[in-house]
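**Student:** What would the 3D arrangement of this be:
(chains A, B, C and D)
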Number of protein chains: 2
Amino acid sequence: MSNQATQDAVCCPPLAERRVPAEAAAVLAPAFKALGDPVRLQLLSMIASAESGEICVCDLTPAFDLTGPTISHHLRTLREAGLVDAERRGTWVYYRARPAILGQLAALLAVAPAT
Amino acid sequence: MSNQATQDAVCCPPLAERRVPAEAAAVLAPAFKALGDPVRLQLLSMIASAESGEICVCDLTPAFDLTGPTISHHLRTLREAGLVDAERRGTWVYYRARPAILGQLAALLAVAPAT
DNA sequence: ACGCTGATTAGATAGGTGTCAACCTAGAGG
DNA sequence: CCTCTAGGTTGACACCTATCTAATCAGCGT
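**Tutor:** Numbers count the residues shown, from 1 in each chain, chains lettered A, B, ... in the order given. Purely as a prediction, here's the structure:
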């Protein structure tokens, strides 16, 4: 819930370069946790790869054999992990990715530093 | 348990470039899930950043306020996710990271494709 | 104001997860 | 063979989570 704020502060020392301190781990783990579900991984991918940079929930829901509320729940998890943003426009709600955080996570996992 | 095998097959189309198919998501999500715990994130970091490329469990356990079995359980999770390898040498057990998988996950999250 | 459609929230439930204490296994060394 | 130490396994417990149905909220058109 308050992750979204805190996360931006932590930054990108590759995990294999020096030990991730407990505080950073506590902040970063929830983001990975949010990615740790196949449905959410696909949702995030659909959102992040949307041509216009955003995608309507109404385009996400029918892509799964799950009920609306369940998709909504997963989207909320992604939101609370700070991975996506939602905006209501009229009847529909649009989601867009937060590339900064994705980049941070990628940097954390990077095996060969960008030297 | 059989992840370790399957994972090597899947590869690295950045999540934001094209939609991650359900099958790939099902294979990759468990790896992220394994990273979704602060203790495991730190464990992996300690293992991956070990100078000699490997580290003894006896050096990992005292770094946390957790019992041996709990650390053992987390290490097993990391092992089953294919993120680390364990080898017993005499009395001690050494863990080392599997950089290939880390790289794969990093590539998946990469926001700007390596074009 | 009413009803329709899209999306979220609430409540319920089955199954998963983190942790510990207790126990077991594998080597090393007498 | 016995014992000591390092790790792992088991079983139990509290908590969290993925999913559903039912109810609720938010706009749009009549």
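
**Student:** Just list what the strand or helix carrying A:V27 packs against, helices and strands only.
**Tutor:** For A:V27, the host element (DSSP states H and E) is helix A:22-35. Helices and strands touching helix A:22-35, by 3 or more CB pairs under 8 Å, 6 or more residues apart in numbering or on different chains; DSSP states H and E, are helix A:3-7, helix A:38-48, helix A:68-80, helix A:99-109, helix B:22-35, helix B:38-48. For every residue, glycine as well, the C-beta is placed using N, CA and C.

**Student:** Apply 6 Å and report the result again.
**Tutor:** On a contact count with 3 or more CB pairs under 6 Å, 6 or more residues apart in numbering or on different chains; DSSP states H and E, helix A:22-35 meets helix A:3-7, helix B:22-35, helix B:38-48.

**Student:** okay, and for chain A, where does confidence drop off?
**Tutor:** When residues are selected by pLDDT under 70, those of chain A lie in A:1-12, A:113-115.

**Student:** Near DNA strand D, which residues of it are found?
**Tutor:** Within reach of DNA strand D by CB under 7 Å from any atom of the strand, chain A has these residues: A:33, A:36-37, A:39, A:65-67, A:69-70, A:73-74, A:77, A:88, A:90-91.

**Student:** Spatially, what comes nearest to A:L35 if we skip its sequence neighbours?
**Tutor:** B:F32 (3.8 Å; CB to CB, 6 or more residues apart in numbering or on different chains).

**Student:** Isn't that neighbour up against A:K33?
**Tutor:** No: taking contacts as CB atoms under 6 Å, B:F32 lies outside contact range of A:K33: 7.7 Å.

**Student:** Show me which of those two is the more surrounded one.
**Tutor:** B:F32 (25 against 20; other CB atoms under 10 Å in any protein chain shown).

**Student:** distance of the more buried one from A:V111?
**Tutor:** Separation of B:F32 from A:V111 (CB to CB, to the nearest Å): 16 Å.

**Student:** same check, this time on A:A31
**Tutor:** Distance of A:A31 to A:V111, computed by CB to CB: 19 Å.

**Student:** Among those two, which residue is more densely surrounded?
**Tutor:** Between A:A31 and A:V111, A:A31 has the larger neighbour count (other CB under 10 Å), namely 25 against 20.

**Student:** Find the centremost residue of chain A, please.
**Tutor:** A:L83 (2.5 Å; CA atoms, centre = their mean).

**Student:** residues making contact with stretch A:53-61?
**Tutor:** A:46-47, A:68, A:71, A:92-96 (CB atoms under 6 Å, 6 or more residues apart in numbering or on different chains).

**Student:** Where does chain A get nearest to DNA strand D, which residue?
**Tutor:** Using CB to the nearest atom of the strand, the single residue of chain A nearest to DNA strand D is A:G90, 2.9 Å away.

**Student:** got the residues of chain A near DNA strand C?
**Tutor:** Going by CB under 7 Å from any atom of the strand, the residues of chain A near DNA strand C are A:56-58, A:61, A:68-69, A:71-73, A:75-76, A:86, A:91-93.

**Student:** State the pair within those residues that is farthest apart.
**Tutor:** A:H73 and A:T91 (20.4 Å; CB to CB).

**Student:** The two - which one has more neighbours?
**Tutor:** Between A:H73 and A:T91, counting by other CB under 10 Å, A:H73 is the more crowded of the two (13 against 7).

**Student:** Identify the residues contacting A:D37.
**Tutor:** So A:D37 contacts B:A29 (CB under 6 Å, 6+ apart).

**Student:** what's around the closest residue to A:L78 other than its chain neighbours, how many residues?
**Tutor:** Setting aside the residues directly before and after it, A:L78 is nearest to A:V84 in space (CB to CB, 6+ apart), at 4.7 Å. For A:V84, the neighbour count with other CB under 10 Å is 25.
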